[in-house]
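Engineer: show me the folded form of this:
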Amino acid sequence: MGDNHTRVTEFILLGFTLTADMELLLCGIFSLFFVFSLLANGMILGLIWLDPRLHTPMYFYLTHLAVLDLSYATNNVPPILGNLAKHEKTISFASCITQMYFFLTFAATECFILVVMSYDRYVAICHPLQYTVIMSWKVCVALAVISWGGGIVLSLIHITFLLRLPFCGPREVNHVFCEVLSVLRLACADTSINEILIFSACVLIIVGPVSFMLISYTRIIRAILKIQSGEGRKKAFSTCSSHLCVVGFYFGIAMLVYLIPNSDQLQEQQKILSMFYGLFNPMLNPLIYSLRNAQVKSAFYRVLQKTRAM
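Structural biologist: Numbers count the residues shown, from 1 in each chain. Sure thing, here's the model as predicted:
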């Protein structure tokens, strides 16, 4: 890696400019959110595992979404809570790179999983008679493996090119965790190749998927409007509304963070928006899928009844 690469052995996460009392208050609030997200995603996984009626491709991918949300939370939130509670902002170079690698992996994989979920809804509504053939379990597993593999490969590419750069100071990362753009600004060399890679990845995992999902849902809405019964239209739309909410939150925030040109005025807002992925998104997804999904609520009530009967 070169001598210059070893000059920085740790970074300082600047986070938010807050008083000690405010940091402790946020630590308590974020801890509650963190615990709730773990419990909520754990509940989703448990319901899908226990209820055979949820053993379908749609809920197979929902389990992957829940695993990704749990991974997001456990990767980003504990270090943030530790920094808030101890007022220590340092993180070792190795820990920073590791945190960044997993964050990029989970972010890219979730983009691909959301695309696959939209394709699943497209086939279910636009080609219902062929659904079991098109979305066979072999196809479902293959799409999930491709999604995870794509996320891992993209993350490895970013980290490999990042590690080629010398970091000889400064050490202050203007973020709450080791976010790739914030760390890249500290490199003591030309980062144009890294910036091109990040832009290309954004096109691949944000612009591409959003375009694909817009086309899919345009066809889905057309198919729903052709359904004769009002009850049928309501049921068809309810299977898509939860996914649309998740997609809107996830890709909307991603576009604001990575596709809007950076400026000093926007950095503070981008810190808050980035917190969405590690803290708020893992908490919101289970709420959206449980409150807006009749099958998940029914499964929850059935599990409660079985528990009471024991």
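Engineer: and the strands in the stretch 151-300 of the chain?
Structural biologist: Along the stretch 151-300 of the chain, counting by DSSP state E, counting those that start in this stretch, strands occupy 172-173.
Engineer: so, low pLDDT: which residues of it?
Structural biologist: By pLDDT under 70, the weakly predicted segments of the stretch 151-300 of the chain are 232, 239, 260-268, 291-294, 300.
Engineer: where exactly do the helices run in it?
Structural biologist: Secondary structure of the stretch 151-300 of the chain, counting by DSSP state H, counting those that start in this stretch: helices at 180-184, 192-202, 208-225, 230-258, 264-275, 281-291, 294-309.
Engineer: and those as JSON lines, adding mean neighbour count and distance to Cys126?
Structural biologist: Quick note: C-beta positions are derived from backbone N, CA and C, even for glycine. Formatted as JSON lines, those follow (neighbours: other C-beta atoms under 10 Å; distance: least, C-beta to C-beta, whole Å):
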{"stretch": "helix 180-184", "mean neighbour count": "20", "distance to Cys126": "37"}
{"stretch": "helix 192-202", "mean neighbour count": "15", "distance to Cys126": "29"}
{"stretch": "helix 208-225", "mean neighbour count": "16", "distance to Cys126": "5"}
{"stretch": "helix 230-258", "mean neighbour count": "17", "distance to Cys126": "10"}
{"stretch": "helix 264-275", "mean neighbour count": "15", "distance to Cys126": "34"}
{"stretch": "helix 281-291", "mean neighbour count": "20", "distance to Cys126": "22"}
{"stretch": "helix 294-309", "mean neighbour count": "13", "distance to Cys126": "20"}
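Engineer: out of the ones you listed, which is closest to Leu84?
Structural biologist: helix 264-275 (12.1 Å; C-beta to C-beta).
Engineer: in JSON lines, list the helices of the stretch 151-300 of the chain along with distance to His64.
Structural biologist: As requested, those are arranged in JSON lines below (distance: least, C-beta to C-beta, whole Å):
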{"stretch": "helix 180-184", "distance to His64": "23"}
{"stretch": "helix 192-202", "distance to His64": "20"}
{"stretch": "helix 208-225", "distance to His64": "15"}
{"stretch": "helix 230-258", "distance to His64": "13"}
{"stretch": "helix 264-275", "distance to His64": "22"}
{"stretch": "helix 281-291", "distance to His64": "12"}
{"stretch": "helix 294-309", "distance to His64": "16"}
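Engineer: looking at those helices, which is closest to Lys138?
Structural biologist: With C-beta to C-beta as the criterion, Lys138 lies closest to helix 208-225 of the helices of the stretch 151-300 of the chain, at 21.6 Å.
Engineer: which elements pack onto the closest one?
Structural biologist: helix 93-126, helix 230-258 (3 or more C-beta pairs under 8 Å, 6 or more residues apart in numbering; DSSP states H and E).
Engineer: what distance separates it from the centre of its chain?
Structural biologist: 21 Å (C-alpha atoms, centre = their mean, to the nearest Å).
Engineer: again with stretch 73-89
Structural biologist: Averaging C-alpha coordinates over stretch 73-89 and over its chain gives two centres that are 19 Å apart (C-alpha atoms, centre = their mean).
Engineer: for it, buried residues please.
Structural biologist: Neighbour-count burial for stretch 73-89 flags 73, 75-77, 79-81, 83-84, 89 (criterion: 16 or more other C-beta atoms under 10 Å).
Engineer: what of stretch 119-128?
Structural biologist: Counting neighbours by 16+ other C-beta under 10 Å, stretch 119-128 gives 119-126 as buried.
Engineer: now stretch 170-188
Structural biologist: Applying a neighbour-count criterion of 16+ other C-beta under 10 Å, one finds 171, 173-184, 186-187 buried in stretch 170-188.
Engineer: over to stretch 19-28?
Structural biologist: Of all the residues in stretch 19-28, those buried under the rule 16+ other C-beta under 10 Å are 23, 26-27.
Engineer: what are the contacting residues of it?
Structural biologist: The contact list for stretch 19-28, computed with C-beta atoms under 8 Å, 6 or more residues apart in numbering, reads 18, 81, 84-85, 87.
Engineer: same deal with stretch 58-65?
Structural biologist: In contact with stretch 58-65 (C-beta under 8 Å, 6+ apart) are residues 44-45, 48-49, 110, 113-114, 116-117, 120-121, 124, 140, 144, 147-148, 239, 246, 285, 289, 295.
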